[in-house]
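Asks: Pasted the sequence and its predicted model underneath.
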Protein chains: 4
Amino acid sequence: MSEQIREVSMPRVHNLHHVEIFTPKPEESLDFFTRVLGLEESHREGQSVYLRASNEWAEYSTILTEGPNPGLGHMAWQVAEPEHVDGWARRFNDAGVDYRREAGGASFGQGDTVSFEGPFGHRTELFYDFQRHVPANPSLLRSRPSKFPAAGIGVSRLDHLNVTAQNVDAARDWYSDVLGFKLREAARTPEGDIGVWMSVSSQVHDLAIMRDGLGERGRLHHIAYYLETPQDLLNATDIFVDEGTPIDAGPGKHGLTQAFFLYVFEPGGNRVELFSGGYPIHAPDWEPVIWDGAAIEKAIIWYGGNLPDTFFTQAT
Amino acid sequence: MSEQIREVSMPRVHNLHHVEIFTPKPEESLDFFTRVLGLEESHREGQSVYLRASNEWAEYSTILTEGPNPGLGHMAWQVAEPEHVDGWARRFNDAGVDYRREAGGASFGQGDTVSFEGPFGHRTELFYDFQRHVPANPSLLRSRPSKFPAAGIGVSRLDHLNVTAQNVDAARDWYSDVLGFKLREAARTPEGDIGVWMSVSSQVHDLAIMRDGLGERGRLHHIAYYLETPQDLLNATDIFVDEGTPIDAGPGKHGLTQAFFLYVFEPGGNRVELFSGGYPIHAPDWEPVIWDGAAIEKAIIWYGGNLPDTFFTQAT
Amino acid sequence: MSEQIREVSMPRVHNLHHVEIFTPKPEESLDFFTRVLGLEESHREGQSVYLRASNEWAEYSTILTEGPNPGLGHMAWQVAEPEHVDGWARRFNDAGVDYRREAGGASFGQGDTVSFEGPFGHRTELFYDFQRHVPANPSLLRSRPSKFPAAGIGVSRLDHLNVTAQNVDAARDWYSDVLGFKLREAARTPEGDIGVWMSVSSQVHDLAIMRDGLGERGRLHHIAYYLETPQDLLNATDIFVDEGTPIDAGPGKHGLTQAFFLYVFEPGGNRVELFSGGYPIHAPDWEPVIWDGAAIEKAIIWYGGNLPDTFFTQAT
Amino acid sequence: MSEQIREVSMPRVHNLHHVEIFTPKPEESLDFFTRVLGLEESHREGQSVYLRASNEWAEYSTILTEGPNPGLGHMAWQVAEPEHVDGWARRFNDAGVDYRREAGGASFGQGDTVSFEGPFGHRTELFYDFQRHVPANPSLLRSRPSKFPAAGIGVSRLDHLNVTAQNVDAARDWYSDVLGFKLREAARTPEGDIGVWMSVSSQVHDLAIMRDGLGERGRLHHIAYYLETPQDLLNATDIFVDEGTPIDAGPGKHGLTQAFFLYVFEPGGNRVELFSGGYPIHAPDWEPVIWDGAAIEKAIIWYGGNLPDTFFTQAT
């Protein structure tokens, strides 16, 4: 009996698995994600192409789906235990969250799933089982799924995503209370948080939520891929500039999360971040880092040029 | 009742907190750890000096204690919840592990503690509460406890430790079954594992256990500090060479854990690793990476010079 | 006779030796150059302190001299042969350049010297002989004068300086025709060059000349120190931010010279660049790289935030 | 008349232009130089393929020529002035050096040439004029001939070559006295130099000469390509290991020249170095750095694993 209680009381979201984005320019977007960023196509179905980065063991971390406008299709998280899929369904019943169930196999390479949109308009999937990538030509480095080198920039892995909300305080509390995300850092004003950086893993953020600059709902600010070193990110920037990729901001370093960052726009209009640095949080009792007052300036830009106004208004 | 059952059934070791090492040359060792590695002294008591690295929020991660011979004093781990200290005591009763209890405050800056030696001779402490470092002159980077720059090499934080055992298979099973460590990677021969890399966190290893080259018990192979980039590790190596620090091996990269490594000996005789790279494991269902057969060569050295014979025999 | 003709016809400026800057805050400037940048004081005389960087074999590359306002004291260049000091005197006679001679020893550690101000108001010295640094505690790396590590950021060496002129075309021609500098890159408009990057060595620039934003004469835009890698420059930026050093621009990369740059202000008000990257020019027949039209934007910023307006007006 | 005297007295070798190597496996070698190292094929003629690296303005720096055995075809240097081609012919007449003249165009993209073998058996060409690369799709970075990114490792440029001689002292003196190379560093024993590092440019070495381990004549030890940062070289090493490229030594750092190095064998059997770091020499009066006695150990390996015995015997 105690086991059942445990399942009911504490299903856990464990780690980000993939993100689906919509693009009105599917061919250009695919060219960008494969030739420039260096992801590999692993599957194609309907209007969607499934992509994986060189250090990812799943068949995909990124789904490009043709759509009339850019934006977030959905984000998908792996839960901590197989039975947590049911656990989340029960918890959503209790919490009054509207959700759907989808049997394993309904989505490519993905097991039993619970999906919901939540109060802030971002479609979300939770599942445990997924299909592993079996490399045709494996790396001799056995902890790495793809042989060196990857194409183009060769991003290492999907790291996090950043979405917007009209009311960041409310979103912070909902992701914390209902989904169990931990607050890691926040930009705080007397009128409330303007951005929060939260995680379910040891990463300083798996999910960031920023105030929507236009007061809209359900938008995506960016998805982020990891590069192993800042030098790799500088090399990537050379490639973007020569390629003519529109650069939104960076390279620079946020005080928030210690991110060494570069933001660009993919051809479909979605913002993509390349990210290195950050820091791991291994303490179970981490005190959130709060940036307030005059410190918010350094939170936003520790070093590097100022962010453009569009950084605070443009989302998809 | 369910809560009590949960506590009994699943206390968790959460992350490495500190390591105490013995040194027969306390002054030279202290000079090395502070002036060369760049740790700061935070406390001094009896024959011990307590040290913290620039990215650590605890008052210390490293204790240097005068002793007749180099070696491991103890390793100390933070547990996941305050009540897990009692949980571990109960579990050790059930498992027949001999342990001691120590009330909070008996050790500097450390709460209620359960300690034990275990079957492989490494004294170990488990606790939850500890004293945070309050910087006298805090960094403007609020997630960082110390102002830039640190002294000398300026290591970032204690990362892991590596101990030896006569029977690595037995040690692997005991750390897994009794303490809940997860096996991440192993070097496997038909006669058994010669090394295992285990963690309780998202790190690829918090604790490594290698076969003791002399068949001895309770020895320390090395403690490891993290540097943010391989370039920082190369810069550190210049400093070590000019300082005359004895270098055991490296710089190089192990296939195992993808570690970019350098091993040196501190003046007291203990091996110290500087470490960058590695990779995080966020999957709850990670399949251990097994290196066997001819692949063991690349496991040990992915690139860089061969390890000296002493790497496999010398421990403290 | 041919030898005499050769001397007369072709004295050569060979490489930048040192720069003297004025500071109204000599103590704060000295603290900045030594504790933060990591230069060493080698001599003190009158109102001047002489400083050398860790990879410099001369006793000094930088002189800080107390003065009512910040600005350029003088720049000093080593000539290619001992007899070129006389050669330049003769050449200046022919060219109608007003100059002074100073016997060896009149300036600390410096041989026979010819000095002049030139038409653009920058006092300049030419000499061949100078005193070498004899390290008290030499590095084991015999091509390096100072032991690892240097203090603070530990800049490697003085790299170049950048001065302003009212008429860049005229300055470019004068430095080319009279002093033998080679044009390496230029930012060119239909109204004339707005900046030129020139060298006497294989460096892409030993001396840059930019249009004075206020139409003033004899001003210094910045002096630049080299760091071995972009990663070192990023690490330096962390130090500057935490130190509270005013940052003018960067980190970023100019298209011009491929410089990975950071500009800060030292306490006396002079702009100081930290510089990595660039490229060597080994061809004897290098075609100057001309940035014109729309390309000037990428010339100024290849990547990184826009330069502040003050970059184009503020000089000392 | 004085001009004529000047020409006769001082023709100068100015910079390394290209190296031709023989390979018994032309297809495998070509695959290695293009797909793995990232050079581009620019021309094909007879048994030769002409290749250029991404930061080179010449049509080629590397010629792969099919031959029964690996080894040096020839090395080719640009002279400082057009008339120096004749100057060298006259000087060789005076010095008793046997040489040949070849009119411009006889070799692809190369002007009037003087070639000789010299006393140590290495065929050498001197010329001034050569054909520039006109990029079909130029980089927006106007000082760079190829768009980012290059294929594979993407080496930047040919940096230097290293040949062997039976008598290094004699070779050092001949290259110094006859060809005007400057000695920059040497590994010196009471029995004579075992290696010398010489240059005609500001590079610490354009040409190294090491004692032939088998006492043979006219052999090539290695050719070296530059990478912009040590991080790039580490990334390259990952690629080589996964590719299965035989690694001879490294990554590591020589004390000699401060080279951060990696040595591999291309499929034809010639040793190829990837090189980063080093240091520029801008002083006209550089004192050669002599490594002798116990310091020779640090000269050979400043850090990294020991060189294999074959490093000192195997040449092509």
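Replies: Perfect, I can see it now. Note that the coordinates shown come from a computational prediction; the quantities given were computed from them, not determined experimentally. Numbering: from 1, shown residues only, chains lettered A, B, ... in the order given.
Asks: who's the closest residue to residue A:159 other than its chain neighbours bridged to?
Replies: For residue A:159, ignoring the flanking residues on the chain, the nearest one in space by CB to CB, 6 or more residues apart in numbering or on different chains is residue A:226 at 4.2 Å. All C-beta spots, glycine's among them, are computed from the backbone N, C-alpha and C. Counting by DSSP bridges, residue A:226 is bridged to residue A:157, residue A:275.
Asks: Run a quick neighbour tally on residue A:226.
Replies: Each residue near residue A:226 was counted by other CB atoms under 10 Å in any protein chain shown, and the total is 22.
Asks: Report the contact partners of it.
Replies: Residue A:226 makes contacts with A:55, A:155, A:156, A:157, A:158, A:159, A:275, A:276, as judged by CB atoms under 8 Å, 6 or more residues apart in numbering or on different chains.
Asks: which one of the residues you listed has the most neighbours?
Replies: The most crowded member of these is residue A:155, carrying 30 neighbours; neighbours defined as other CB under 10 Å.
Asks: ok, that one touching residue A:53?
Replies: Yes: assessed by CB atoms under 8 Å, residue A:155 is found in contact with residue A:53 at 5.3 Å.
Asks: between these two, what contacts are shared?
Replies: Listed as contacting both residue A:155 and residue A:53 by CB under 8 Å, 6+ apart are A:37, A:38, A:39, A:225.
Asks: Now do the contacts for the first one.
Replies: If I follow you right, that is residue A:37. Neighbouring residues of residue A:37 by CB under 8 Å, 6+ apart: A:53, A:152, A:153, A:155, A:225, A:272.
Asks: and it, how far is that from residue C:260?
Replies: Distance of residue A:37 to residue C:260, computed by CB to CB, to the nearest Å: 23 Å.
Asks: And the second one, by the same measure?
Replies: With distances defined as CB to CB, the gap from residue A:38 to residue C:260 amounts to 23 Å.
Asks: again, but for residue A:142
Replies: Separation of residue A:142 from residue C:260 (CB to CB) stands at 36 Å.
Asks: So for those two, which residue has more residues nearby?
Replies: More crowded of residue A:142 and residue C:260, by other CB under 10 Å: residue C:260, with 25 against 18.
Asks: so what's the residue lying closest to the more buried one once chain neighbours are set aside up against?
Replies: Distances taken as CB to CB, 6+ apart place residue C:277 nearest to residue C:260, at 4.1 Å, with adjacent residues excluded. Contacts for residue C:277 (CB under 8 Å, 6+ apart) come out as C:230, C:253, C:258, C:259, C:260, D:228.
Asks: Residue A:287: how many residues sit nearby?
Replies: For residue A:287, the count of nearby residues is 10 (other CB under 10 Å).
Asks: so it sits in a strand?
Replies: No: judged by DSSP: H, G, I helix; E, B strand; the rest coil, residue A:287 forms no part of a strand; its state is coil.
Asks: What score does it have for pLDDT?
Replies: At residue A:287, the model reports a pLDDT of 95.
Asks: List the contacts of it.
Replies: If a contact means CB under 8 Å, 6+ apart, then residue A:287 has no contacts.
Asks: Would you mind measuring from it to residue D:41?
Replies: Separation of residue A:287 from residue D:41 (CB to CB) stands at 59 Å.
Asks: Same check on residue A:264?
Replies: Counting by CB to CB - residue A:264 and residue D:41 are separated by 32 Å.
Asks: higher neighbour count, these two?
Replies: Using other CB under 10 Å, the more surrounded residue of residue A:264 and residue D:41 is residue A:264, with 24 against 14.
Asks: I'd say that one and residue A:247 touch.
Replies: Yes: with contact defined as CB under 8 Å, residue A:264 and residue A:247 form a contacting pair (5.3 Å).
Asks: hey, what's in contact with both of these two?
Replies: residue A:240.
Asks: mind giving me the domain ranges of chain A?
Replies: What automatic domain parsing lists as the domains of chain A is A:2-127, A:157-313.
Asks: any idea which of those is most buried?
Replies: Mean neighbour count (mean count of other CB atoms under 10 Å in any protein chain shown) peaks for domain A:157-313 among these, with a mean of 20.
Asks: end to end, how far does that domain reach?
Replies: 27 Å (CA to CA, to the nearest Å).
Asks: What is the distance between it and the centre of its chain?
Replies: With CA atoms, centre = their mean, to the nearest Å as the basis, domain A:157-313 stands 10 Å off its chain's centre.
Asks: What is the end-to-end distance of stretch A:56-64?
Replies: Length of stretch A:56-64, first residue to last, CA to CA: 17 Å.
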